[in-house]
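[1] have a look; sequence and predicted model below, questions after that.
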Amino acid sequence: MTSDRPARALIFDMDGTIVDNMRFHDDAWESWHVSNQLPFDRKTFAARTAGMAGNEIISSYFPQAAVAELDAMSDAKEALYREAYLPHVAANAGFLELVARAEAAGVPMAVATAASPANIEVVLDTLGLRQRFATIVSPSQGFRGKPHPDMFLAAAERMKVEPADSSSSRMRRSASRRRAAPACGRWRS
């Protein structure tokens, strides 16, 4: 639901919203699949897994694996991503200006991302953005990834605003965000 009323807080996804890094994730996933002798189709994979945490994705291939095994496989995939993406980290066009405008207006901001802590570090710390966000929420803190609304609800709660008074960024119109936002109640997207 949209409103003419200004948002009291902004909540951003990271991958694909703050930075344009999805092709690097796709490349890393393809390498991971090949190394595990699994078929890989970029189009169907991205549509099926957008916004999910790595261990959630991997568990669909290895449902009997222990959590530690899933985490290790996810860490290996994420290391491939970070190695490839680090030299290319850059904010999406207009994002830094949007953050500056929100700060000037006193609008608190948060990041709700399925990214691992190491990936969050690569993006937010490389860009010098971490301190500009009131909170950063991810599955590493015990929240489910998208399409579940948990991370977005937690971000709103930590900023002490109602979900209806928050705005989830429309810069990335992923299917996972479209499924998660309505579950938050009167969410403005």
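    Received the coordinates, thanks. Treat the numbers as computed from the prediction; the structure is a model and nothing was measured.

[2] contact partners for Ala76?
    When the contact criterion is CB atoms under 8 Å, 6 or more residues apart in numbering, the partners of Ala76 are Trp32. All C-beta spots, glycine's among them, are computed from the backbone N, C-alpha and C.

[3] quick one: which helix or strand includes it?
    With elements taken from DSSP states H and E, the one containing Ala76 is helix 67-85.

[4] and that helix, which residues are buried?
    Neighbour-count burial for helix 67-85, with 16 or more other CB atoms under 10 Å as criterion, is recorded at Leu70, Met73, Ser74, Ala76, Lys77, Glu78, Leu80, Tyr81, Arg82, Ala84, Tyr85.

[5] now the fourth one: how far from Ala155?
    The reference is to Ala76. Look at Ala76 and Ala155: by CB to CB, to the nearest Å, they are 29 Å apart.

[6] ok, the residue sitting furthest away from the middle of the chain - contacts?
    The centre of the chain is farthest from one residue, Gln37, which by CA atoms, centre = their mean lies 27.1 Å away. When contacts are counted by CB under 8 Å, 6+ apart, Gln37 is found next to no other residue.

[7] what pLDDT does it get?
    Model confidence at Gln37, given as pLDDT, is 97.

[8] re earlier: now the helix holding Ala76: mean pLDDT?
    Taken as a whole, helix 67-85 has a mean pLDDT of 96.

[9] now do it: distance to the chain's middle.
    Counting by CA atoms, centre = their mean, to the nearest Å, helix 67-85 is centred 16 Å from the centre of its parent chain.

[10] name the nearest residue to Thr126, sequence neighbours excluded.
    With CB to CB, 6 or more residues apart in numbering as the measure, Val89 is the residue that lies nearest to Thr126, at 4.4 Å, once sequence neighbours are left out.

[11] go ahead and confirm the one you found touches Leu129.
    No. Val89 is not in contact with Leu129 according to CB atoms under 8 Å; the separation is 10.6 Å.

[12] could you pull out the helices for this structure?
    Remark: helices of the chain, listed N- to C-terminal, are 22-35, 42-49, 54-59, 67-85, 95-104, 117-120, 150-158, 175-180; assignment by DSSP state H.

[13] who are the packing partners of the shortest one?
    What that stands for is helix 117-120. Applying 3 or more CB pairs under 8 Å, 6 or more residues apart in numbering; DSSP states H and E, we find helix 117-120 packed against helix 67-85.

[14] what's the answer for the fifth one, then?
    Other helices and strands packing on helix 95-104, by 3+ CB pairs under 8 Å, 6+ apart, are strand 109-112.

[15] run a quick neighbour tally on the residue nearest to Thr126.
    For Val89, the count of nearby residues is 17 (other CB atoms under 10 Å).
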